[in-house]
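*Asks:* Attaching a predicted model along with its sequence, questions to come.
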Amino acid sequence: MVNGKYPSMFEPVHGSALDIYGKGIANPIGQIWTAKMMLDHFGEEELGALLLKTIEDVTADGVKTPDLGGTATTKEVAEEVTPIIITNGDALENLEKKAEGAAAKGGTVLFQVKMK
């Protein structure tokens with residue numbers, strides 16, 4: 001159950017992919033998807049759903065890394081998804097306040113949102 005009650009960690013788990021190291025073609029979707037999971041954990045299901053829909057729309061539009069049959073780079077895929085973060089600044093501010101509240105109750109919250 002995703003309810004924010006228990007400590008959680010959000011990260012993709014995969015191999016080191018030495019065959020694509022430094023080529024800029026690693027698929028960032030798994031990493032971005034973990035942000036959706038974190039949002040759900042903090043009770044921000046609406047923002048999480050919006051992020052997931054953005055991921056689905058971006059891949060449906062053909063912006064995909066080579067592992068999914070596309071030609072986009074890691075950066076290009078991430079840049080297509082990033083506007084969802086930038087255009088929802090108010091929702092992110094509310095999320096930051098919730099995270100601060102969780103930390104004040106003895107929890108540990110580590111996350112960073114990089115704005116352009």
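*Replies:* Structure's in. What do you need?
*Asks:* in the chain, what secondary structure element scores lowest on mean pLDDT?
*Replies:* Of all the helices and strands that make up the chain, helix 89-104 has the lowest average by mean pLDDT, DSSP states H and E, namely a mean of 63.
*Asks:* got any ranges where this structure has weak pLDDT?
*Replies:* 1-4, 84-116 (pLDDT under 70).
*Asks:* in it, which spans are helices?
*Replies:* Using DSSP state H, the helices of the chain run over residues 29-41, 45-60, 74-81, 83-86, 89-104.
*Asks:* which secondary structure elements does the first one contact?
*Replies:* Where contact means 3 or more C-beta pairs under 8 Å, 6 or more residues apart in numbering; DSSP states H and E, helix 29-41 is packed against helix 45-60, helix 74-81. Using the backbone N, CA and C atoms, a C-beta is placed for each residue, glycine as well.
*Asks:* change it to 7 Å
*Replies:* Secondary-structure packing of helix 29-41 (3 or more C-beta pairs under 7 Å, 6 or more residues apart in numbering; DSSP states H and E): helix 45-60.
*Asks:* mind listing what's buried in the helix it packs on?
*Replies:* Judged by neighbour count (16 or more other C-beta atoms under 10 Å), helix 45-60 contains these buried residues: 47-48, 50-52, 54-55, 58-59.
*Asks:* Could you do stretch 63-79 as well?
*Replies:* Applying 16+ other C-beta under 10 Å to stretch 63-79 flags 63-65, 70, 72-74, 76-78 as buried.
*Asks:* distance of residue 80 from residue 27?
*Replies:* According to C-beta to C-beta, to the nearest Å, residue 80 and residue 27 sit 13 Å apart.
*Asks:* Look at these two and report which has more neighbours.
*Replies:* When neighbours are counted by other C-beta atoms under 10 Å, residue 27 comes out ahead of the other of residue 80 and residue 27, with 21 against 18.
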